[in-house]
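K.L.:
Okay, sequence plus prediction incoming.
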Amino acid sequence: MLVAAAVCPCPPLLVPEVASGAASELDAVRAACADAVAVLAASRPDLLLVVGPAEQAHRGPHASGTTGSFRGFGVELGVRLGEGPGQERALAPSLAVGAWLLDRSRWSAAPVEGLGVGEPLDTERCVATGRELAARAERVALMVMGDGSACRTLKAPGYLDERAVDFDRRAADALGAADLEGLRVLDELQARELKVSGRAPWQVLAGAAEGAGLGGRLLHEDAPYGVGYFVAAWS
């Protein structure tokens with residue numbers, strides 16, 4: 001059963017070495033993520049699953065001990081997701097950010113595994129996947145990585161789309177209230193058009209949290225580069 005969840009954004013810029021001179025601009029996001037991870041540790045899980053968006057090559061399970069790096073972002077920095085033999089393929093970038101956040105918090109509360117989720121995964125399959133994850137152990141915690149829309153400003157990666165603010169508001173409200181139905185009804189097509197990377201992982205969370213009775217808190221909300229970043233904790 002799901003006992004806790006942390007929702008975090010997944011831009012590689014969260015890693016100060018990647019952000020370089022702009023690192024301080026995301027200090028508040030990093031601090032909120034640390035608070036969310038602390039909620040996970042306090043829940044005393046038997047298993048932590050890090051779920052994040054992934055391209056085709058990185059979709060599916062990532063065994064404990066799997067490594068990743070930020071070499072593709074110009075930084076010779078490696079990370080490892082938990083302890084274990086891992087696997088040959090590297091972590092999806094979103095899971096690498098999650099691994100970095102866990103390492104920063106000195107995570108040792110439970111074994112860690114990862115799951116890369118494809119953006120096209122439909123809502124019902126996301127929800128079903130979440131149910132399966134929640135059944136993995138008696139006490140399961142999820143670290144859910146994903147960003148909101150990338151269309152909040154003219155300089156945003158997806159340019160300006162007037163629908164972006166409303167979409168992000170609905171997503172933030174649902175994440176902050178642990179509103180499972182609010183997450184389920186996020187529109188797949190609109191999410192794709194607004195370049196939302198978190199829709200599928202958030203809907204996996206909605207499935208995992210069924211029957212768990214968790215409450216939520218929105219710890220941080222911002223769009224510093226025209227991309228919606230949300231941090232929430234469920235317990």
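P.N.:
Arrived safely, thanks for sending.
K.L.:
CA only for contacts and neighbour counts going forward, please
P.N.:
Noted.
K.L.:
give the contact list for the residue nearest to the spatial centre of the chain.
P.N.:
The residue lying closest to the centre of the chain (Cα atoms, centre = their mean) is Met145, at 0.7 Å. The contact partners of Met145, by Cα atoms under 8 Å, 6 or more residues apart in numbering, come to 7-10, 50-53, 94-95, 98, 198, 201.
K.L.:
from the residues you listed, which ones fall inside strands?
P.N.:
Secondary structure from DSSP state E places 7-8, 50-53 of the contacts of Met145 in strands.
K.L.:
Just confirm Ala171 is within a helix.
P.N.:
Yes. Ala171: assigned to a helix according to DSSP: H, G, I helix; E, B strand; the rest coil.
K.L.:
Name the nearest residue to it, sequence neighbours excluded.
P.N.:
Counting by Cα to Cα, 6 or more residues apart in numbering, Ala171 lies nearest to Leu183, which is 6.7 Å off, once chain neighbours are set aside.
K.L.:
can you pull out the strands in this structure?
P.N.:
2-8, 47-53, 60-62, 66-69, 78-81, 112-117, 140-145, 216-222, 229-234.
K.L.:
For the ones you listed, give me TSV that also has mean pLDDT.
P.N.:
Shown next, in TSV, are the strands of the chain (pLDDT from 0 to 100):
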stretch	mean pLDDT
strand 2-8	98
strand 47-53	98
strand 60-62	96
strand 66-69	96
strand 78-81	96
strand 112-117	98
strand 140-145	98
strand 216-222	97
strand 229-234	98
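K.L.:
looking at those, which is closest to Leu194?
P.N.:
With Cα to Cα, the closest approach to Leu194 among the strands of the chain belongs to strand 229-234: 13.8 Å.
K.L.:
Please name every helix or strand in contact with that closest one.
P.N.:
strand 2-8, helix 27-42, helix 164-177, strand 216-222 (3 or more Cα pairs under 8 Å, 6 or more residues apart in numbering; DSSP states H and E).
K.L.:
Single out the most deeply packed of the ones you listed.
P.N.:
For the helices and strands packed on strand 229-234, the largest average neighbour count (mean count of other Cα atoms under 10 Å) is found in strand 2-8, namely a mean of 28.
K.L.:
how about it as PDB, C-alpha atoms only?
P.N.:
Only the C-alpha atoms of strand 2-8 are listed here, as PDB (Å, rounded to 0.1, in the frame of the first residue of the first chain):
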ATOM      1  CA  LEU A   2       1.100   3.500  -0.700                       C
ATOM      2  CA  VAL A   3       2.100   5.300   2.500                       C
ATOM      3  CA  ALA A   4       3.700   8.500   1.200                       C
ATOM      4  CA  ALA A   5       4.600  10.300  -2.000                       C
ATOM      5  CA  ALA A   6       6.800  13.200  -3.000                       C
ATOM      6  CA  VAL A   7       6.100  15.100  -6.200                       C
ATOM      7  CA  CYS A   8       9.100  16.900  -7.600                       C
END
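K.L.:
And for that strand, what's in contact with it?
P.N.:
33, 36-37, 39-40, 43, 45, 134, 139-147, 175, 208-209, 212, 214, 229-235.
K.L.:
for stretch 185-205, how far is the first residue from the last?
P.N.:
13 Å (Cα to Cα, to the nearest Å).
K.L.:
and what of stretch 173-182?
P.N.:
One end of stretch 173-182 sits 8 Å from the other (Cα to Cα).
K.L.:
how far is it from where the chain is centred?
P.N.:
Remark: stretch 173-182 is offset 15 Å from the chain centroid, using Cα atoms, centre = their mean, to the nearest Å.
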